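1. What follows is a predicted structure for the sequence shown.
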Amino acid sequence: MAQGKVLSGAGLRGQVAGKTALSTVGKSGSGLTYRGYDVKDLAEHCQFEEVAYLILQGKLPNQAELDAYKAKLKALRGLPQALKDVLERIPADAHPMDVLRTGCSMLGNLEMEQDFSQQQAATERMLACFPSIICYWYRFSHDGVRIDVETEDDSIGGHFLHLLHGEAPKSLHEQVMHVSLILYAEHEFNASTFTARVCASTLSDMHSCITGAIGSLRGPLHGGANEAAMEMIEGFTSAEHAEQEMMGKLARKEKIMGFGHAIYSESDPRNGIIKAWAARLADDVGDKVLYPVSVRCEEVMWREKKLFCNADFFHASAYHFMGIPTKLFTPIFVMSRLTGWAAHVMEQRADNRIIRPSAEYTGEELRKVTPIAQR
Ligand SMILES: CC(=O)SCCNC(=O)CCNC(=O)[C@H](O)C(C)(C)COP(=O)(O)OP(=O)(O)OC[C@H]1O[C@@H](n2cnc3c(N)ncnc32)[C@H](O)[C@@H]1OP(=O)(O)O
Ligand SMILES: O=C([O-])CC(=O)C(=O)O
């Protein structure tokens, strides 16, 4: 069995900050489980909506439960006019994560979670309408069209691709979206989830918790890494060029996005899965550059630094092959991780104590205020 990473030092690394029954990360070095199921098993056998149900309701649904859940989500895809009005005022050069953060916050103003008995309903509404929010803004600001966000698509991933491209997605793409959303759904006490839990611990509302989590996910050290990885690999014209550039980056001690992990020691279990789908999509589009470039980056990083691809790296090429604009990569992560965030909020609420750690003081000793005229 693989050894876990030695966890200590800054960034609260290795410190237990609470309990969860939702997932295990790196328990045996490189494993990931959601409520006791291996993520590989889930990605192979389930649709995203089954996994969302598992994470949020505590068990895998049977067929009737899944059908009812999907029908419920489908009916919640529409956007209130006041939210559309806000989205239409956000410029095209805004970052889509900021759009989603604002969209989530505005939804909280319009459809406030009145009390915790509404937590599942508030979450279902966000699950159903986050793709609508992001695509409504994207298509209005980039193409000048006001799209109808209420489609008949069977899945959340299919709904997103349909709104983005203006036509129902091919089944390969819908399948990849299921896998991708499953892989991103939950990951224990990562930075954005911890943000949501800290917010929940003050007994705040669900939309505030999720809005804060979106802000934390946006950064390139967390969810933003899939966009940063794409920006890097699309600059490489061949595997040889990638090797040369990567060696230069390493020599300059640059951080390379999409590699390394705070918890996993030798691999991220999500990488092999999305890498295989990226290879299939590369075949599908006849790619001869981006996939070999990505593989070479992976080889160089392992050979030179023993750093491995995390979940984000091969997501970059996979999303690109499906025609998804780079700046929408991290919002897709949100559409998925929302399940984990909300389940953590519910778990925190069920056994709450306000999260309030202590700090080691490194500032000045006690001193007197000099009156302003004498400073
Ligand atoms: C879905 C997700 O959120 S997965 C994470 C996505 N983020 C990224 O891909 C960003 C790039 N990766 C990183 O910045 C880091 O690996 C993190 C943030 C993921 C984890 O950070 P840490 O736990 O602090 O990393 P760790 O302790 O393993 O770092 C060990 C050493 O490897 C280096 N290192 C880690 N990752 C990388 C990287 N991607 N590129 C170059 N060097 C790296 C660190 O700088 C550190 O070197 P040092 O000891 O000289 O400072
Ligand atoms: O766990 C982490 O620190 C980051 C990560 O991989 C995730 O949130 O999916």
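-> That came in fine, so what should we check first? Ligands and ions are numbered 1, 2, ... in the order given.

2. CA only for contacts and neighbour counts going forward, please
-> Will do.

3. Contact distance from ligand 1 - what residues of the protein qualify?
-> 220-223, 225, 254-262, 310-312 (CA under 6 Å from any ligand atom).

4. go with 5 Å
-> 221, 222, 223, 225, 255, 256, 257, 258, 259, 260, 261, 262 (CA under 5 Å from any ligand atom).

5. Looking at those residues, spot the one nearest residue 105.
-> residue 223 (19.4 Å; CA to CA).

6. got a list of what the residue of the stretch 251-375 of the chain at minimum distance from ligand 2 touches?
-> Among all residues of the stretch 251-375 of the chain, residue 262 sits closest to ligand 2, at 5.4 Å; criterion: CA to the nearest ligand atom. By CA atoms under 8 Å, 6 or more residues apart in numbering, the contact set of residue 262 is residue 13.

7. Give the burial count for the residue nearest to residue 320 when sequence neighbours are not counted, as a bare number.
-> Setting aside the residues directly before and after it, residue 320 is nearest to residue 326 in space (CA to CA, 6 or more residues apart in numbering), at 7.0 Å. When neighbours are counted by other CA atoms under 10 Å, residue 326 registers 17.

8. how far does the helix or strand containing residue 99 sit from the chain's center?
-> Here residue 99 sits within helix 96-110, counting by DSSP states H and E. Helix 96-110 has its C-alpha centroid displaced from the chain centroid by 16 Å (CA atoms, centre = their mean, to the nearest Å).

9. Following element in sequence after it, please.
-> Next along from helix 96-110, by DSSP H and E: helix 119-143.

10. Specify the angle between that following helix and helix 96-110 in degrees.
-> 130 degrees (axes from the mean of the first three to the mean of the last three CA atoms, to 10 degrees).

11. follow-up on the earlier one: residue contacts, the residue nearest to residue 320?
-> With contacts defined as CA under 8 Å, 6+ apart, the neighbours of residue 326 are 227, 230, 231, 316, 319, 320.

12. What of residue 21?
-> residue 35.

13. What of the one 5 residues further on?
-> Contacts for residue 26 (CA under 8 Å, 6+ apart) come out as 4, 32, 263, 264, 265.

14. what about the residue positioned nearest the centre of the chain, distance to residue 249?
-> Residue closest to the average C-alpha location in the chain (CA atoms, centre = their mean): residue 333, at 2.7 Å. Relative to residue 249, residue 333 is positioned 27 Å away (CA to CA, to the nearest Å).

15. Out of the contacts of residue 26, name the ones that lie in helices.
-> Secondary structure from DSSP state H places none of the contacts of residue 26 in helices.

16. Check what pLDDT the residue of the stretch 101-250 of the chain found nearest ligand 2 gets.
-> Relative to ligand 2, the nearest point of the stretch 101-250 of the chain is residue 190 (4.1 Å; CA to the nearest ligand atom). You'll see residue 190 listed with a pLDDT of 98.

17. Can you report how many residues neighbour it?
-> Residues lying near residue 190 (other CA under 10 Å) number 16.

18. Next, it: phi, psi?
-> Backbone torsions of residue 190, given as degrees, to the nearest 10, read phi -70, psi 170.

19. Tell me how far it lies from residue 224.
-> Applying CA to CA to residue 190 and residue 224 gives a distance of 14 Å.

20. Select only the buried ones of the contacts of residue 326 in PyMOL?
-> Provided next is the PyMOL selection string for whichever of the contacts of residue 326 are buried by 16 or more other CA atoms under 10 Å:
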select buried, resi 227+230+316+319+320
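
21. sorry, back to before: any chance of a markdown table for the residues of the chain next to ligand 1, columns distance to residue 125 and secondary structure?
-> Converted to a markdown table, the residues of the chain next to ligand 1 look like this (distance: CA to CA, whole Å; DSSP: H, G, I helix; E, B strand; the rest coil):
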| residue | distance to residue 125 | secondary structure |
| --- | --- | --- |
| 221 | 29 | coil |
| 222 | 25 | coil |
| 223 | 22 | coil |
| 225 | 27 | helix |
| 255 | 37 | coil |
| 256 | 36 | coil |
| 257 | 32 | coil |
| 258 | 31 | coil |
| 259 | 33 | strand |
| 260 | 34 | coil |
| 261 | 32 | coil |
| 262 | 32 | coil |
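
22. Including distance to residue 338, could these go into TSV?
-> Shown next, in TSV, are the residues of the chain next to ligand 1 (distance: CA to CA, whole Å):
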residue	distance to residue 338
221	18
222	15
223	13
225	18
255	27
256	26
257	22
258	21
259	23
260	23
261	21
262	21
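
23. who wins for most neighbours among those residues?
-> Of these, with other CA under 10 Å as the count, residue 258 tops at 28 neighbours.

24. ok, now which ones touch that residue?
-> Counted by CA under 8 Å, 6+ apart, residue 258 has contacts 225, 226, 228, 229, 309, 310, 311, 312, 313.
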